[in-house]
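Engineer: 3D, please:
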Amino acid sequence: MRGAGDQRRRGRGPHPAAGAIEAKEAASTAFYDMDQAQKFIDGRVTVFEDLDAKAAEPVRREFTGLAESADAAAHAYISVLDAHDVDDQDRSPAEYDAARRAFVASTERLQHITRNLNGFAERLSGRMARLESALDQLPPRLTAARDAVAAADAAVAAAREAGMDASDPEAEVARAKQILAQLGSQGLGGFGLDGAMRKADEVHEIAERAREAAAELPQMAQKVRNSLASVRTRVDVVANRVGPVKEAMRVLLRGYSQACWQDLRGAPESIEAGANRARERLNEASAHTSRAEWKQAQQALTAARTELNAADRRAGQVTGRVEELKAVAADPSAPAESVRFAVRDAQRLAMAQPGGAAPQHARVLDSLVERLENAPARLTGANPDYWAYLQELDSIKTAAGDVVTRIRAERAQR
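Structural biologist: Numbering: from 1, shown residues only. Next comes the predicted model:
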């Protein structure tokens, strides 16, 4: 008597295992397709993150959800595979049928997820194409940056061979090289595509500045040497102004009220101290020059010039004050005449507006006329305060100019 398995094998029609085996093969194909799609898209998303990390955040989140579904489907497929051994010829038709149905269900699930993955990939492809097209711009920028760094390196080396202190441009070249090294690391140095291109341009700019600075060092050396001589001469010129300033102060103290010179008190001493400080800076510049520290020498020279400029201005204030006061004492009406012209000019402009002068402008101009008429009253006593008189006139002239500015601004807004 034949066994039940033998009877099943000899039954009519296709063997029940055939449908199960076919379903298993279809599931295997679906699993492979899904797995390949998942791996491919994972790689594309990683590239996207390298190119634009911020824009890739929602993309990575969406893909993570799809990947979790794919992992779950893969786990379920493997479970079905473990549960149904369709190669066992002694299984019953019902068991083969159950296996077939399990594999078909697994195939449908795997194919559904593959379609979702492919749809995601299709949506991503447009954005990736734009980024990868932009990526073509990065290599030439990196090449230009590297070339600029090499040129700067050569300029620094040449400056050092010429005995120059090239530490500053050398430090800039080192900074450019550090950024280049970051750009060469995995994932565009973490800068993203736009950031990497900006950094490449930054490297180019830093290196170019360093090259120019290194190339200018020999010229700077000659410029410093020339400046040392000219600033030394200027120190002597400014120091020689102390005598005339002292004499001018004596004139002010003897001939004018305290209000005319009190803001200039101590000017000769201030000028002399400024000249002395400038000499100290000059000595520092000379010391730096002897050590080929041209930048430091230049800074010391700049400081010396600053001291001399301040001393020069102070001297000019004293001698200029004497000239102004002498002129106004000789003819107090002369400075008032130019101020009167400025006020009248403002009045004419105000009256030329549609409807005549605006009330706010008319009030200001009327007060300025009154102040101008009252200004000579300040010139009383044995030692009139000519300086206060001149300051009042200057204040009136400035206020008249402000009215003109406001009228023109109002006209422009109409």
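
Engineer: Give the burial count for the nearest residue to residue 114 once chain neighbours are set aside, as a bare number.
Structural biologist: Leaving out its chain neighbours, the residue that sits closest to residue 114 by CB to CB, 6 or more residues apart in numbering is residue 34, at 4.4 Å. Glycine gets a C-beta too; all of them are placed from N, C-alpha and C. When neighbours are defined as other CB atoms under 10 Å, residue 34 has 25 of them.

Engineer: ok, now the one 5 residues further on?
Structural biologist: A count of nearby residues for residue 39, using other CB under 10 Å, gives 11.

Engineer: after the helix or strand where it lies, next one along is what?
Structural biologist: In this assignment (DSSP states H and E), residue 39 forms part of helix 16-51. Next along the chain after helix 16-51, taking DSSP H and E as the criterion, comes helix 53-83.

Engineer: buried set for that following helix?
Structural biologist: Of all the residues in helix 53-83, those buried under the rule 16 or more other CB atoms under 10 Å are 53, 56, 59, 63, 66-67, 69-70, 73-74, 77, 80-81.

Engineer: Now do the helix holding residue 39 against helix 53-83, angle only.
Structural biologist: Angle, helix 16-51 to helix 53-83, by axes from the mean of the first three to the mean of the last three CA atoms, to 10 degrees: 160 degrees.

Engineer: quick one, phi psi at residue 91?
Structural biologist: phi -80, psi 150 (degrees, to the nearest 10).

Engineer: how close does residue 273 sit to residue 308?
Structural biologist: Per CB to CB, to the nearest Å, residue 273 is found 12 Å from residue 308.

Engineer: More neighbours: which of those two?
Structural biologist: More crowded of residue 273 and residue 308, by other CB under 10 Å: residue 308, with 23 against 13.

Engineer: The more buried one touches residue 239, doesn't it?
Structural biologist: No. Using CB atoms under 8 Å as the test, residue 308 is too far from residue 239 to be in contact (9.6 Å).

Engineer: residue ranges of the strands in this protein, please?
Structural biologist: Taking DSSP state E, the chain contains no strands at all.

Engineer: Using the record's assignment, carve it into domains.
Structural biologist: The chain breaks down into these domains under automatic domain parsing: 4-135, 140-213, 240-329, 333-413.

Engineer: So what would you say the end-to-end distance of the last one is?
Structural biologist: From its first residue to its last, domain 333-413 covers 38 Å (CA to CA, to the nearest Å).

Engineer: Residue 301: neighbouring residues, count only.
Structural biologist: Residues near residue 301, counting by other CB under 10 Å, number 24.

Engineer: List the residues that contact it.
Structural biologist: 224, 227, 228, 231, 281, 282, 285 (CB atoms under 8 Å, 6 or more residues apart in numbering).

Engineer: Which pLDDT does the model give it?
Structural biologist: Residue 301 is assigned 95 on the pLDDT scale.

Engineer: what's the spacing between it and residue 168?
Structural biologist: From residue 301 across to residue 168, the span is 17 Å (CB to CB).

Engineer: can I get the buried residues of helix 53-83 in JSON lines with distance to residue 151?
Structural biologist: As requested, the buried residues of helix 53-83 are exported to JSON lines (distance: CB to CB, whole Å):
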{"residue": "53", "distance to residue 151": "32"}
{"residue": "56", "distance to residue 151": "36"}
{"residue": "59", "distance to residue 151": "40"}
{"residue": "63", "distance to residue 151": "44"}
{"residue": "66", "distance to residue 151": "49"}
{"residue": "67", "distance to residue 151": "48"}
{"residue": "69", "distance to residue 151": "54"}
{"residue": "70", "distance to residue 151": "52"}
{"residue": "73", "distance to residue 151": "57"}
{"residue": "74", "distance to residue 151": "55"}
{"residue": "77", "distance to residue 151": "60"}
{"residue": "80", "distance to residue 151": "66"}
{"residue": "81", "distance to residue 151": "63"}
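
Engineer: From the residues you listed, pick the one nearest residue 251.
Structural biologist: The nearest member of those to residue 251, counting by CB to CB, is residue 53 at 74.5 Å.

Engineer: Next, count neighbours for the nearest residue in space to residue 159 that is not next to it in sequence.
Structural biologist: In space, and not counting its chain neighbours, residue 159 is closest to residue 166: 4.1 Å by CB to CB, 6+ apart. For residue 166, the tally of surrounding residues (other CB under 10 Å) stands at 24.

Engineer: Just give the closest residue to residue 319, not the sequence neighbours.
Structural biologist: Computed as CB to CB, 6+ apart, the closest residue to residue 319 that is not its neighbour in sequence is residue 248, at 5.1 Å.

Engineer: Who are the contact partners of the one you found?
Structural biologist: When contacts are taken as CB under 8 Å, 6+ apart, residue 248 is in contact with 318, 319, 321, 322.

Engineer: which ones are touching the third one?
Structural biologist: I take that to be residue 321. Taking CB under 8 Å, 6+ apart as the test, what residue 321 contacts is 248, 252, 260, 261, 264, 387.

Engineer: for those residues, which one is nearest residue 121?
Structural biologist: Using CB to CB, these come closest to residue 121 at residue 264, 82.3 Å.

Engineer: Could you count how many residues lie near the residue nearest to the closest one when sequence neighbours are not counted?
Structural biologist: With sequence-adjacent residues excluded and distances taken as CB to CB, 6+ apart, residue 264 is closest to residue 318, at 5.3 Å. Using other CB under 10 Å, residue 318 is surrounded by 23 other residues.

Engineer: right, and residue 200 touches residue 143 too?
Structural biologist: No. Counting by CB under 8 Å, residue 200 sits too far from residue 143 to count as a contact (9.0 Å).

Engineer: Those two: which is more packed in?
Structural biologist: Just comparing residue 200 and residue 143: by other CB under 10 Å the higher neighbour count belongs to residue 200, 26 against 12.

Engineer: what's around the closest residue to that one other than its chain neighbours, how many residues?
Structural biologist: Spatially, and ignoring its direct neighbours in sequence, residue 200 is nearest to residue 141 (4.0 Å; CB to CB, 6+ apart). Per other CB under 10 Å, the neighbour tally for residue 141 reads 18.

Engineer: picking that back up, which residues are in contact with each of residue 308 and residue 239?
Structural biologist: Both residue 308 and residue 239 are in contact with residue 275, where contact means CB under 8 Å, 6+ apart.

Engineer: Please convert the buried residues of helix 53-83 to CSV, extending it with pLDDT and distance to residue 89.
Structural biologist: Listed next are the buried residues of helix 53-83 as CSV, based on pLDDT from 0 to 100; distance: CB to CB, whole Å:
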residue, pLDDT, distance to residue 89
53, 65, 56
56, 70, 52
59, 80, 49
63, 81, 43
66, 87, 39
67, 90, 38
69, 91, 35
70, 92, 33
73, 91, 29
74, 92, 28
77, 90, 23
80, 88, 19
81, 85, 18
